[in-house]
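S.K.: Test case, fold it:
(one chain, ligands or ions: 4)
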Amino acid sequence: MTTTIIKNGTIVTADLTYKADVKVENGIITEIGPDLSGGDELDATDCYVMPGGIDPHVHLEMPFMGTYSTDDFESGTRAGLAGGTTMVIDFCLPSPGQSLLEAIQMWDNKSTRANCDYSFHMAITWWGEQVFNEMETVVKDKGINTFKHFLAYKGALMVNDDELYASFQRCAALGATPMVHAENGDVIAELSAKLLAEGNNGPEAHAYSRPSQVEGEATNRAIMIADMAGAPLYVVHTSCEESHEAIRRARQNGKRVWGEPLIQHLTLDESEYFNEDWDHAARRVMSPPFRNKQHQDSLWAGLQAGSLSVVATDHCAFTTEQKRFGVGDFTKIPNGTGGLEDRMPMLWTYGVSTGRLTMNEFVAVTSTNVAKIMNMYPKKGAVLVGSDADLVVWDPNKEKTITAGSQQSAIDYNVFEGKKVKGLPRFTLTRGQLAVNDGAVQTEEGHGKFVKRAPNAPVNAALSKWKELSAPSPVKRSGIPATGV
Ligand code: DUC
Ligand code: ZN
Ligand code: ZN
Ligand code: ZN
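M.R.: Ligands and ions are numbered 1, 2, ... in the order given. Model (predicted):
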């Protein structure tokens, strides 16, 4: 039995800040209190002891746009741990026509290399009786209670509204939460073709092809369809005011809708695409694209007001060589950026240190809210007796300048290159095991375990106003007009 005592730190959770030591035995928190002893000691003087970050949105070794994202479950989770993230949720992506269960088998094989715990969302990339039937096994046997739907990527991953409605209804019946990548894929396809025809083929055209309206429209549509289906809804990578506005309105109306801005959208803006260096701009091509300052202000306001719930990364890292598949045609630039290692330090620096977020709000949006929405609280996302010891001992005075040269990610650049961050892990523990030791990364490949997530409790179901209005049976009429003459 291994015992570790985290000594002299200040515990920061989503709702409390207090001084106490933490005892960890065999990967579980077993005691919290003053002056604990009886194990290997980790000195947390002048540090905050927080639940490790949970990134609910990553794509590791994902087959996408003719290639695979370069960070896999090994380098991706190592990058996460280095930055204080102790769990990731990846998207299991069946190719159209493929069995969901077969896709899980493929993801199980890839994820054996993970350095920290992980879970999967299931993507609904096609629709049919087989998918309808397999969804039950996915929820009940495989422990996956979230289903992602792409409203973009026409001709590849996109689902149409009839499929969306059918799948959302199925989610509601199974106690699962649907998720949506909300961008109007039909409009994007039209705009992209027009831009290319006009000779607009550089990376900046990627942003022109995906204005904020395409995201606002799709978010509104998905919220309304979820309401009709009686399902809650998680909106991934909320990047603009129109989408945030739709989420805000839904929440005010009592709907269970959550929005997830990314650290990239909070801290980087559209001017990145106007850089004269093609590589610089292409490396930042992701969907949705970076936005202007007004949209960024809206996202920060949403985190402050609680209308947006989570900060994620959509970590989907491609090398410069992969990005160059799109020279001469921006639609062929693999969409995606990195961020796993930098999410926590960047949010601390730009959110907590600036006074926009309290430390407790930081913990909520990087960990606790995720654990609650994704049904794994308080096993994850908590500093409580009985919780997994996924912890970060956070040194608010530790500084660095972000640079690709010293990152864990396997790609050759970093979208945050040159940014100075203050606030970094002194120690990161994954189920009690040290992955960052006094700043040094010492991960163990294969240490990570799959985390099963149960279906939602009935109280978590969506409240549909539409259902109350719908007629339960046909109206009885006399004097029916005769047909035919
Ligand atoms: N957006 C990206 O930028 N990459 C992966 C998938 C997505 O929706
Ligand atoms: Zn997406
Ligand atoms: Zn994504
Ligand atoms: Zn291990």
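
S.K.: OK, contacts around the closest residue to A44 other than its chain neighbours?
M.R.: Closest residue to A44 apart from its sequence neighbours, by C-beta to C-beta, 6 or more residues apart in numbering: G9 at 2.8 Å. Any C-beta I mention is one placed from the backbone N, CA and C, and that applies to glycine too. Applying C-beta atoms under 8 Å, 6 or more residues apart in numbering to G9 gives the contacts 19-22, 44-45, 47-49, 393.

S.K.: Who wins on neighbours among the residues you listed?
M.R.: V49 (27 neighbours; other C-beta atoms under 10 Å).

S.K.: and that one, that's in a strand?
M.R.: Yes - under DSSP: H, G, I helix; E, B strand; the rest coil, V49 sits within a strand.

S.K.: That one and V22 touch, don't they?
M.R.: Yes - the criterion here is C-beta atoms under 8 Å, and V49 meets it with V22 at 6.0 Å.

S.K.: The residue in the stretch 201-350 of the chain positioned nearest to ligand 4: neighbouring residues, count only.
M.R.: Of all residues in the stretch 201-350 of the chain, L340 sits closest to ligand 4, at 19.8 Å by C-beta to the ion. The burial count assigned to L340 is 31, neighbours taken as other C-beta under 10 Å.

S.K.: so who does it touch?
M.R.: Contacts of L340 (C-beta under 8 Å, 6+ apart): 55, 58, 71, 76, 79-80, 83, 85, 88, 313, 315, 409.

S.K.: let's go with 6 Å and repeat that
M.R.: Shown in contact with L340 (C-beta atoms under 6 Å, 6 or more residues apart in numbering): 76, 79-80, 313, 315.

S.K.: in a helix, that's where it is, yeah?
M.R.: No - the assignment for L340 (three-state DSSP) gives coil, which keeps it out of a helix.

S.K.: Work out for me the element the spatially closest residue to N437 that is not a sequence neighbour sits within.
M.R.: Among residues not flanking N437 along the chain, F427 sits closest, at 6.3 Å (C-beta to C-beta, 6+ apart). For F427, the host element (DSSP states H and E) is strand 420-430.

S.K.: elements contacting that strand?
M.R.: helix 343-347, strand 391-401, strand 433-437 (3 or more C-beta pairs under 6 Å, 6 or more residues apart in numbering; DSSP states H and E).

S.K.: Quick check: which of the ones you listed is buried the most?
M.R.: Ranked by mean neighbour count, the helices and strands packed on strand 420-430 are led by helix 343-347 with a mean of 26 (mean count of other C-beta atoms under 10 Å).

S.K.: then it to PDB, C-alphas only?
M.R.: Provided in PDB are the C-alpha atoms of helix 343-347 (Å, rounded to 0.1, in the frame of the first residue of the first chain):
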ATOM      1  CA  ARG A 343      -5.400  25.000 -21.000                       C
ATOM      2  CA  MET A 344      -4.900  25.300 -17.200                       C
ATOM      3  CA  PRO A 345      -2.000  27.700 -17.100                       C
ATOM      4  CA  MET A 346      -3.500  29.900 -19.800                       C
ATOM      5  CA  LEU A 347      -6.900  30.000 -18.100                       C
END
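
S.K.: Now do the contacts for the residue nearest to G83 when sequence neighbours are not counted.
M.R.: Using C-beta to C-beta, 6+ apart and skipping residues adjacent in sequence, the residue nearest G83 is E341, 4.1 Å away. Contact partners of E341, counting by C-beta under 6 Å, 6+ apart, are 79, 82-83, 407-408.

S.K.: sorry, back to before: can the helices and strands packed on strand 420-430 go into CSV with extra columns for distance to F147?
M.R.: Shown next, in CSV, are the helices and strands packed on strand 420-430 (distance: least, C-beta to C-beta, whole Å):
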stretch, distance to F147
helix 343-347, 24
strand 391-401, 30
strand 433-437, 30
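
S.K.: Let's have the ones you listed in TSV, adding distance to H447 and mean pLDDT.
M.R.: Listed next are those as TSV, based on distance: least, C-beta to C-beta, whole Å; pLDDT from 0 to 100:
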stretch	distance to H447	mean pLDDT
helix 343-347	20	98
strand 391-401	15	98
strand 433-437	6	98
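
S.K.: how near is S192 to R221?
M.R.: According to C-beta to C-beta, to the nearest Å, S192 and R221 sit 20 Å apart.

S.K.: same deal with V310?
M.R.: In this view, V310 and R221 are 21 Å apart by C-beta to C-beta.

S.K.: So for those two, which sits in the more crowded spot?
M.R.: For V310 versus R221, neighbours defined as other C-beta under 10 Å are more numerous around V310 (27 against 17).

S.K.: so the more buried one is in which element?
M.R.: V310 belongs to no helix or strand, assigned by DSSP H and E.

S.K.: Let me know the pLDDT of the closest residue to it other than its chain neighbours.
M.R.: In space, V310 comes closest to E260 once its chain neighbours are excluded; the distance is 4.4 Å by C-beta to C-beta, 6+ apart. E260 is assigned 98 on the pLDDT scale.
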